[in-house]
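Engineer: Please find the sequence and the predicted model below.
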Amino acid sequence: MAHKIKTRIARLLAAMTEGLWEKNHIMALALLSSVAGESIFLLGPPGTAKSMVARRLKAAWKNAISFEYLMSRFSTPDEVFGPVSIARLKNDDVYERRTEGYLPEATVVFLDEIWKAGPAIQNALLTVINEKIFQNGRDTLRVPLQALIAASNELPAEDEGLEAIWDRFVVRVVSNCITDEETFYRMICEPVVAEPVIDSKLQIDEPTLCKWREEYGRVEIPQRVLSVITSVRKGLKAAGEKEGMNPEDFYVSDRRWRKVAGLMRVSAFLNGRDAVDLSDMLLLNHSLWNRAECIPEVLTVVTDALFADITAESAIIEEDLDRRIEQASPGKEQETMKADAFKVYNYFYLKVVGYPSGVCYLYRSDYEMLSAKADTPGVLFRDDNQGAYIVSRNDSSGPFASLPAVRNGKMVKLRAVAGGLSIDGEKYPIELRNGGAAIMDAVEMSLGVRMETLRKRLEERMDEIEGSGNLFVSDDDVRLVRAAKKIMAKKLRSLELRVKSMG
């Protein structure tokens with residue numbers, strides 16, 4: 001079932017975008033917002049296929065009725081919602097509009113130059129968008145509106161009372177002219193494609209939509225996605241506090257956040273999933289901006305949030321690394337090399353924390369003889385009596401040198417480091433007397449292991465986003481994430497070199 005719905009939507013989008021140049025992502029977002037019952041705003045100059053998107057969206061819905069209108073400063077409610085019925089007013093003394101052929105009876109609505117609408121039209125639109133009802137005289141009509149697409153070559157002016165209606169447009173997309181020259185040549189040279197005829201089996205009808213609503217309402221938003229949302233919210237707040245920025249430009253209401261979450265649920269459902277994943281987070285690129293000038297900042301906030309946990313962990317590693325360098329500096333070496341700071345096991349041993357093969361002990365006397373500036377030959381062997389691995393200096397004259405386990409052990413290089421021990425260049429903390437891990441590593445992992453974990457997490461994160469095949473995420477959105485991942489990988493490599501230089 002999950003695979004079938006994604007295949008169906010993919011085929012529907014392919015039919016809807018035939019002959020539509022560089023607007024596939026806008027068409028996909030228009031369909032997504034329509035299924036979610038939300039409105040979409042297209043910002044762009046004339047002649048960038050904004051009205052064509054609306055006409056083709058109509059084809060996705062079975063038995064759909066469309067309504068288009070170009071607003072002006074002189075537009076009246078009669079032209080949008082229908083003229084007042086003179087007969088009803090004269091004969092029954094009832095103020096009622098004749099809505100046939102107008103917005104209240106349309107499934108798909110396209111309103112161009114939306115911000116030129118007067119207050120009377122705006123107020124009625126708010127009710128239509130919010131509650132899907134239209135007050136026609138004494139009667140309250142339930143409107144069949146499934147998609148409202150508004151367009152303009154400008155954003156709403158400030159201090160004109162347009163904030164409420166602007167907030168209702170959950171999806172906001174910039175529609176530009178064709179940028180790729182080859183695509184432009186095809187557009188001007190190839191025959192104009194007629195309006196697509198959609199297979200009725202692909203079209204969406206009311207019963208299907210009702211069933212989908214029940215199902216996508218059960219789509220889960222997992223904790224890791226919620227954590228990314230938290231990072232986005234913090235990022236937007238920080239962006240608004242930057243010098244020269246206006247916090248209002250990065251304000252997102254609770255209502256819009258709730259609707260954005262619903263949009264991600266619908267995206268997951270139409271992609272055949274029962275849970276939102278990180279690819280759905282890229283929809284935020286088209287939901288959170290308020291001014292065109294702030295779009296680059298919003299894109300950065302969303303993209304950085306996808307890697308926020310990796311950024312935070314790498315910062316902790318860097319702090320640990322700086323602390324170790326500081327501890328190993330002249331005047332502090334003696335303090336960090338005292339074996340008395342560590343907990344002693346079975347009279348002779350110090351416990352190496354986080355050794356990957358199992359419990360590992362180091363002879364206390366050996367630790368006191370290790371250098372912090374040069375490697376010391378050592379041996380690592382298994383001691384079944386202790387039920388652990390033992391690491392010691394490779395001293396042929398020592399009392400245990402003749403033991404078979406020692407003779408057959410693995411030759412290693414040992415070095416004392418701040419708070420722990422280096423075995424073949426890999427650093428491990430040693431357990432303190434108070435039972436905690438040495439200051440070398442609070443999470444009982446060597447820096448090398450932690451770095452490897454971060455590298456794997458970064459690759460897995462990118463694989464999830466790129467490999468999802470999300471129908472509503474554009475190539476441009478993925479390219480942004482790919483570029484951010486490249487920068488993050490470079491930072492991790494630089495940090496890894498610093499870690500290795502401590503060896």
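Structural biologist: That came in fine, so what should we check first? Numbering: from 1, shown residues only.
Engineer: only C-alpha atoms for contact and neighbour calcs from this point on.
Structural biologist: OK.
Engineer: okay, now the nearest residue to residue 372 once chain neighbours are set aside: neighbour count?
Structural biologist: In space, and not counting its chain neighbours, residue 372 is closest to residue 416: 4.7 Å by C-alpha to C-alpha, 6 or more residues apart in numbering. Per other C-alpha atoms under 10 Å, the neighbour tally for residue 416 reads 25.
Engineer: Just checking: what are the partner strands of the helix or strand in which residue 416 is found?
Structural biologist: Element membership for residue 416 (DSSP states H and E) is strand 410-417. For strand 410-417, the paired strands and their directions (DSSP bridges) read strand 376-383 (antiparallel), strand 420-423 (antiparallel).
Engineer: Would you agree residue 413 is in contact with residue 371?
Structural biologist: No. Between residue 413 and residue 371 there is no contact, the gap being 11.1 Å when judged by C-alpha atoms under 8 Å.
Engineer: So between these two, which is more surrounded?
Structural biologist: Using other C-alpha under 10 Å as the criterion, residue 413 and residue 371 rank with residue 413 on top: 19 against 14.
Engineer: Provide a list of residues in contact with the more buried one.
Structural biologist: The contact partners of residue 413, taken as C-alpha atoms under 8 Å, 6 or more residues apart in numbering, are 375, 376, 377, 378, 379, 422, 423, 424, 425.
Engineer: So what does the first one have for phi and psi?
Structural biologist: Dihedral angles phi and psi of residue 375 (degrees, to the nearest 10) take the values phi -70, psi 150.
Engineer: Where does pLDDT dip in the stretch 201-350 of the chain?
Structural biologist: 324-339 (pLDDT under 70).
Engineer: Identify the residue nearest residue 192 in space, chain neighbours excluded?
Structural biologist: residue 19 (7.4 Å).
Engineer: Surely residue 135 is in a helix?
Structural biologist: No. Residue 135: not assigned to a helix; according to DSSP: H, G, I helix; E, B strand; the rest coil it is strand.
Engineer: how much space between the closest residue to residue 128 other than its chain neighbours and residue 114?
Structural biologist: Of all residues not flanking residue 128 in the chain, residue 134 sits nearest, at 5.8 Å (C-alpha to C-alpha, 6+ apart). From residue 134 across to residue 114, the span is 18 Å (C-alpha to C-alpha, to the nearest Å).
Engineer: for residue 464, same thing?
Structural biologist: Taking C-alpha to C-alpha, one finds residue 464 at 38 Å from residue 114.
Engineer: Compare neighbour counts for these two and give me the winner.
Structural biologist: Between residue 464 and residue 114, counting by other C-alpha under 10 Å, residue 114 is the more crowded of the two (24 against 13).
Engineer: wait, isn't that one in contact with residue 150?
Structural biologist: Yes. Judged on C-alpha under 8 Å, residue 114 makes contact with residue 150 at a distance of 6.0 Å.
Engineer: got the contact list for residue 477?
Structural biologist: 282, 285.
Engineer: which parts of the host helix or strand of it are buried?
Structural biologist: Per DSSP H and E, residue 477 falls inside helix 475-501. Under the neighbour-count criterion of 16 or more other C-alpha atoms under 10 Å, helix 475-501 has 477-478, 480-482, 484-485, 488-489, 492, 495-496, 499 buried.
Engineer: from the chain's centre, how far out does it sit?
Structural biologist: Distance of helix 475-501 from its chain centroid, counting by C-alpha atoms, centre = their mean, to the nearest Å, is 17 Å.
Engineer: Give me the mean pLDDT for it.
Structural biologist: Throughout helix 475-501, pLDDT has a mean value of 89.
Engineer: Flag the shaky bits of the stretch 1-150 of the chain, pLDDT-wise.
Structural biologist: For the stretch 1-150 of the chain (pLDDT under 70), the answer is 1-2.
Engineer: can you pull the buried residues of stretch 152-160?
Structural biologist: With burial defined by 16+ other C-alpha under 10 Å, the residues of stretch 152-160 counted as buried are 152, 153, 155, 156.
Engineer: which two in those residues are spaced the farthest apart?
Structural biologist: The span of these, defined through C-alpha to C-alpha, is set by 153 and 156 at 10.0 Å.
Engineer: need the contact list for the closest residue to residue 228 other than its chain neighbours.
Structural biologist: Nearest in space to residue 228, with sequence neighbours left out and distances taken as C-alpha to C-alpha, 6+ apart, is residue 305 at 5.6 Å. Applying C-alpha under 8 Å, 6+ apart to residue 305 gives the contacts 228, 229, 231, 232, 235.
Engineer: How about the backbone phi and psi for residue 305?
Structural biologist: Main-chain torsions, residue 305, degrees, to the nearest 10: phi -60, psi -30.
Engineer: thinking again about what came up before, bridging residues for the residue nearest to residue 372?
Structural biologist: residue 421.
Engineer: my read: it touches residue 366, true?
Structural biologist: No. Counting by C-alpha under 8 Å, residue 416 sits too far from residue 366 to count as a contact (10.0 Å).
Engineer: how close does the residue found closest to residue 75 once you drop the neighbours it is linked to in the chain get to residue 216?
Structural biologist: By the measure of C-alpha to C-alpha, 6+ apart, the closest residue to residue 75 outside its immediate chain neighbours is residue 117, 6.6 Å from it. Separation of residue 117 from residue 216 (C-alpha to C-alpha) stands at 34 Å.
Engineer: State the distance from residue 221 to residue 188.
Structural biologist: Applying C-alpha to C-alpha to residue 221 and residue 188 gives a distance of 44 Å.
Engineer: who has more neighbours, those two?
Structural biologist: residue 221 (17 against 9).
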